[in-house]
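Undergrad: Show me the folded form of this:
(one chain, ligands or ions: 2)
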Amino acid sequence: MKITGASVNVCSPGRNFVTLKIETDEGIYGLGDGTLNGRELAVASYITEHVIPCLIGRDPFQTEDIWQYLYRGAYWRRGPVTMAAIAAVDVALWDIKGKALNTPIYNLLGGRSRGGVLVYAHAHGADIEEALDDVGKHIEMGYQAIRVQSGVPGLASTYGVPKAGMRYEPAEKGLPSEGQWSTEMYLRHTPKLFEETRRRFGENVHLLHDCHHRLTPIEAARLGKELEPYHLFWMEDPVAAELQEGFRVIREHTTTPLATGEVFNTIWDGQELIQRQWIDYIRMSIVHAGGFTHLKKVADFASLYHVRTGCHGATDLSPVTMAAALHFGIAVHNFGIQEHMAHCEETDAVFPHGYSFKAGYMYPGDAPGLGVELDEKLAAKYPYERAYLPVNRKLDGTLTDW
Ligand code: GCO
Ligand code: MG
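TA: Ligands and ions are numbered 1, 2, ... in the order given. Below you'll find the predicted structure:
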C-alpha cells in the first residue's frame with residue numbers, strides 16, 4: 001500500500017479543530033487530529049508545507065519508521081507544533097492500518113486489557129453550592145469520577161469555571177481575555193470545597209482537582225496536605241513542570257496523588273518525574289505527544305515506576321483524539337483514568353463516531369481503525385475563527401500562569 005495524498009481540514013464547529021486525512025492507493029484513508037488550542041494554523045501549515053510532501057509514496061504500515069523520519073529528520077526536535085503534526089500523521093496511519101486489517105486499533109496495541117475505560121467528568125460552579133449541584137448532576141448521569149472546580153470568593157474569574165451562560169472549555173473568539181489570580185484566596189478556599197463535597201456525597205465517588213500550574217512547590221505541598229482527609233484521586237498540575245525537581249518538594253510533604261503532563265510533548269519532559277516516582281499519573285495526550293507510537297513508549301516506561309496514565313481529554317482535543325485515547329486506554333496495562341468533557345452537538349455532528357459512554361465508563365466501539373469520520377461538507381459550514389485561551393494576572397497586575 002502507498003500513500004497517494006493528504007490534506008488538512010481546519011474547521012470550527014463550536015471550537016477550532018485541525019484534522020489530517022491521509023489517502024492511499026487502495027482507497028483506504030485515515031484521520032489524525034493536530035489541534036493545538038490557540039495555535040491551530042501553525043500546525044496546519046507545518047503539516048501542509050513541510051510534512052505532506054515527505055509522505056507521498058511511503059508505505060502507511062511503516063508507522064515507526066515514518067515517526068522517526070518526521071522526528072529525527074526535521075533536525076529541530078520536540079515542541080507542541082512539531083509533535084502535534086507528528087501525532088496527526090501517526091494516528092491517521094494507525095487508522096489506515098486498522099481499516100486495512102479490518103480490526104479496531106486497540107487490537108493492534110495489545111488487545112483489550114479491561115472491559116471499559118474509566119472516565120472523569122468536569123463539575124464546576126461560581127461558588128461551592130453551585131459546584132456541588134453540578135457534582136450531583138454528574139453522579140446522576142452515571143459518572144464515578146468527577147473533577148471539582150469552584151469560583152474563589154473575591155476573584156472575578158478562575159480556571160475551570162465558565163463565565164455565566166458559557167460552556168467550558170474556553171478559547172474565546174478574538175484576542176486573549178485577562179483573568180485574575182490570588183494564590184492566598186485560592187488556598188484558603190479550596191480545602192472547604194472538598195470538605196463540603198465529601199460531606200454531601202460521601203466517599204463513594206472519585207474526586208479530582210486541577211490547580212492549573214498556578215502554585216509554587218511549597219504552596220502545592222500545603223494544599224496537598226490540607227486535602228489529604230478528602231482522599232482525592234489526584235491533584236493535577238500543582239506547579240508548572242518545566243522544573244521537574246519541583247515535584248520532589250511536593251512529594252516529600254503529602255500523600256495526595258499527583259498528576260501532570262497535559263502540556264508535555266515527549267518523554268523527555270517528564271522522564272525524571274516518572275523515574276523518581278514524583279508523580280502518580282502522566283497526563284500526556286496522543287495529540288500533543290506524537291501519537292500512539294510515542295505515547296505507547298511513555299506508558300510502557302511509566303509502567304516500570306508505578307505511574308499510570310490519565311490522558312488529557314478536554315474539548316480542545318477533537319473526537320479523533322477522544323477515539324484514539326479510548327483505544328489506548330482499553331489496551332495499555334497501566335491505564336489509570338481518562339478525562340472526558342463531552343463535545344457540543346455541532347462538533348459531534350462534524351465528527352460522527354462509534355465511541356460511547358455508559359455508567360462511568362467509555363468504550364471505543366468495534367469499527368475497524370479509529371471508528372471516527374469527518375463530514376467534510378458539514379465542516380465547510382464552520383470556517384476557522386481566531387480564538388485564544390485567556391491570560392492571567394495577579395491582583396497587582398503581574399502576569400502569571402493561566
Ligand atoms: C484539563 C486542562 C484543560 C486545558 C485546556 C487548554 O485538565 O482538561 O487543564 O482545561 O486548560 O485543554 O487548552
Ligand atoms: Mg489540566
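Undergrad: Any idea how many residues pack against the residue in the stretch 301-402 of the chain that ligand 2 sits nearest to?
TA: Of all residues in the stretch 301-402 of the chain, His312 sits closest to ligand 2, with a separation of 6.7 Å (Cβ to the ion). From N, CA and C alone the C-beta is placed, and that goes for glycine too. Residues near His312, counting by other Cβ atoms under 10 Å, number 23.
Undergrad: and if you look at Trp268?
TA: There are 10 residues near Trp268, going by other Cβ under 10 Å.
Undergrad: how about the nearest residue to it, chain neighbours excluded?
TA: Arg78 (7.0 Å; Cβ to Cβ, 6 or more residues apart in numbering).
Undergrad: Spell out the secondary structure type for the one you found.
TA: Classification of Arg78 using DSSP: H, G, I helix; E, B strand; the rest coil returns coil.
Undergrad: how about it, what does it touch?
TA: Neighbouring residues of Arg78 by Cβ atoms under 8 Å, 6 or more residues apart in numbering: Asn265, Thr266, Trp268.
Undergrad: In JSON lines: the residues you listed, plus pLDDT and secondary structure.
TA: Formatted as JSON lines, these follow (pLDDT from 0 to 100; DSSP: H, G, I helix; E, B strand; the rest coil):
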{"residue": "Asn265", "pLDDT": "98", "secondary structure": "coil"}
{"residue": "Thr266", "pLDDT": "98", "secondary structure": "coil"}
{"residue": "Trp268", "pLDDT": "97", "secondary structure": "helix"}
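Undergrad: Could you pull up phi and psi at the residue nearest to Trp268?
TA: phi 60, psi -160 (degrees, to the nearest 10).
Undergrad: can you give me the strands in the stretch 151-300 of the chain?
TA: 172-173, 178-181, 206-210, 234-236, 258-260, 281-282 (DSSP state E, counting those that start in this stretch).
Undergrad: ok, residues contacting the last one?
TA: Strand 281-282 is contacted by residues 234, 257-261, 264, 270, 273-274, 298-299, 302, 307-310, 336-337 when judged by Cβ under 8 Å, 6+ apart.
Undergrad: Which ones among these lie within helices?
TA: Those of the contacts of strand 281-282 mapping onto helices are Leu273, Ile274, Val298, Ala299, Ala302, per DSSP state H.
Undergrad: quick one: pLDDT of the residue of the stretch 1-150 of the chain found nearest ligand 1?
TA: Among the residues of the stretch 1-150 of the chain, Asn37 lies closest to ligand 1, at 3.6 Å counting by Cβ to the nearest ligand atom. What the model reports for Asn37 is a pLDDT of 97.
Undergrad: From ligand 2, how far out is it?
TA: Distance from Asn37 to ligand 2, counting by Cβ to the ion, to the nearest Å: 12 Å.
Undergrad: List the residues that contact the spatially closest residue to that residue that is not a sequence neighbour.
TA: Excluding its sequence neighbours, the residue lying closest to Asn37 (Cβ to Cβ, 6+ apart) is Asp316, at 4.0 Å. Applying Cβ under 8 Å, 6+ apart, we find Asp316 in contact with Arg15, Thr35, Asn37, Glu169, Ala171.
Undergrad: Identify the farthest-apart pair in those.
TA: Pairwise distances across those peak at 11.9 Å for Thr35 and Glu169 (criterion: Cβ to Cβ).
Undergrad: So these two - more neighbours on which side?
TA: Thr35 (24 against 16).
Undergrad: isn't there a strand covering that one?
TA: No. Applying three-state DSSP, one finds Thr35 to be coil, outside a strand.
Undergrad: List the contacts of stretch 245-260.
TA: 208, 216-218, 220-222, 224-225, 227-228, 232-241, 270, 272-273, 276-283, 310.
Undergrad: about what we covered before: relative to Asp237, how far out is the residue nearest to Trp268?
TA: Arg78 sits 19 Å away from Asp237, going by Cβ to Cβ, to the nearest Å.
Undergrad: Check Asp133 too.
TA: Asp133 is 25 Å from Asp237, by Cβ to Cβ.
Undergrad: the more surrounded of these two?
TA: Neighbours per residue (other Cβ under 10 Å) separate Asp133 from Asp237, with Asp237 holding more: 24 against 12.
Undergrad: give me every residue that touches the nearest residue to the more buried one once chain neighbours are set aside.
TA: Using Cβ to Cβ, 6+ apart and skipping residues adjacent in sequence, the residue nearest Asp237 is His213, 4.8 Å away. When contacts are counted by Cβ under 8 Å, 6+ apart, His213 touches Asp237, Val239, Ala240, Ala241, Asp401.
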